[in-house]
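# Please find the sequence and the predicted model below.
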Amino acid sequence: MPEGHTIRRYADRHRAVLAGRQVAASSPQGRFAAGARRLDGRELLDVEAHGKHLFYRWRRAETLHIHLGLYGKFRLFRSDPPPPTPATRLALAADEVTIYLAGPTVCELIMPSQEDAIMARLGPDPLKVDTDGNSPEAFAANLARRRIPIGAAILDQSVIAGIGNIYRAESLFLTSIHPEIPANEVPADKVAALWDTSVELLERGVSEGRIATLPRVPLGTTEETDRLYVYKRERFPCRVCGSPISTGQMAGRGIWWCNTCQSA
DNA sequence: GCTGCATGATGAA
DNA sequence: TCATCCTGCAGCA
């Protein structure tokens, strides 16, 4: 489930198990064979996440840049890993830990200048608030420059990094913003609330390991699988006001909202 | 066993 | 706006 929270969890996990170690690298699938050979035996120094991008830094090797896209997945085994599937693009191993990567959109070695270019086209990451330019002001400035609907703007990773289709629908619902309002016409207090909500939701996603936006259920209560307000809930009434949930397409993806709770 | 879909992004048209 | 990249899995036969 690769929105920003998943990527941050991968970064933290991979740093914890591999940083400071000599890492064996290979590409069972073969499509990253040259890169894996280059990394094989190097010491991993750090793993950084920004939005949906991962950067692995090594002693005496280029940075490994990974973007999971829609399908990409990591699998981590503590010991006795199964043989890699033929689709495994990259295998990393150190001590008793083995990590397999399959289906990424991007898996490449990059120079510092390329890394700078990637960072330059990414907006602020709510999970890095208070570091560098990851501020609500940067987010507000990015929105002020766009006339596209707010629902399209926050999927644009150069506006805000790490928001995906679920967080887009849920954060707009929680801030009562109708997705079709032009980004530059959203009132300043709503923009601030949208940033704060993004920080809260993503941080909760990191700690829980999944996207949940409803209030936590009391201990001992049966939990429903769907912990969302509007995403893919067009067959249900709004949890807050009971009106039907609306759905449509925006920026090429499905979007869901409540016409009553989210004012135009 | 097969089909269609998915929490993403890009490049062509 | 659409096709494409490319993998896993839910849902269905």
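Thanks, I have it.
# Contact residues of chain A facing DNA strand C?
A:29, A:31, A:69-71, A:73, A:85, A:87, A:89, A:102-103, A:105, A:252 (CB under 7 Å from any atom of the strand). All C-beta spots, glycine's among them, are computed from the backbone N, C-alpha and C.
# one more time with 6 Å, if that's ok
Within chain A, the positions adjacent to DNA strand C are A:29, A:71, A:73, A:85, A:87, A:102-103, A:105, A:252 by CB under 6 Å from any atom of the strand.
# Among those, which one sits closest to A:Y10?
Using CB to CB, A:K73 is the member of the residues of chain A next to DNA strand C that sits closest to A:Y10, with 9.7 Å.
# residues in contact with the residue lying closest to that closest one once chain neighbours are set aside?
Of all residues not flanking A:K73 in the chain, A:A102 sits nearest, at 5.7 Å (CB to CB, 6 or more residues apart in numbering). A:A102 makes contacts with A:29, A:71-73, A:75, A:85, A:87-89, as judged by CB atoms under 8 Å, 6 or more residues apart in numbering.
# pLDDT score assigned to A:Y71?
Looking at A:Y71, its pLDDT reads 88.
# ok, now which ones touch it?
A:102-103.
# switch to 6 Å and redo it
A:G103 (CB atoms under 6 Å, 6 or more residues apart in numbering).
# what are the phi and psi values for it?
Main-chain torsions, A:Y71, degrees, to the nearest 10: phi -100, psi -20.
# Buried members of the contacts of A:A102 into PyMOL, please.
The PyMOL selection below is limited to those of the contacts of A:A102 classed as buried (16 or more other CB atoms under 10 Å):
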select buried, chain A and resi 29+72+88+89
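# Quick check: of the contacts of A:A102, which lies closest to DNA strand B?
A:Y71 (5.1 Å; CB to the nearest atom of the strand).
# Pull up the gap between that closest one and A:L101, please.
According to CB to CB, to the nearest Å, A:Y71 and A:L101 sit 11 Å apart.
# Which single residue of chain A approaches DNA strand B most closely?
In chain A, the residue that lies nearest DNA strand B is A:G164 (2.2 Å; CB to the nearest atom of the strand).
# Show me what A:S26 is bridged to.
Applying DSSP bridges to A:S26 gives these bridge partners: A:A91.
# Make sure it is actually in contact with A:R38.
No - in this structure A:S26 lies outside contact range of A:R38 using CB atoms under 6 Å: 11.5 Å.
# A:L101 is in contact with A:F74, isn't it?
Yes - between A:L101 and A:F74 there is a contact at 5.5 Å, judged by CB under 6 Å.
# out of these two, which sits in the more crowded spot?
A:L101 (24 against 21; other CB atoms under 10 Å).
# could you list every residue that touches that one?
So A:L101 contacts A:74, A:89-90 (CB under 6 Å, 6+ apart).
# Distance check, it against A:A33.
14 Å.
# same question, A:T105
As judged by CB to CB, A:T105 and A:A33 stand 18 Å apart.
# Within range of DNA strand B, give me the residues from chain A.
So far as CB under 6 Å from any atom of the strand goes, chain A lies against DNA strand B at A:1-3, A:52, A:69-71, A:105, A:157, A:164-166, A:211, A:253-254.
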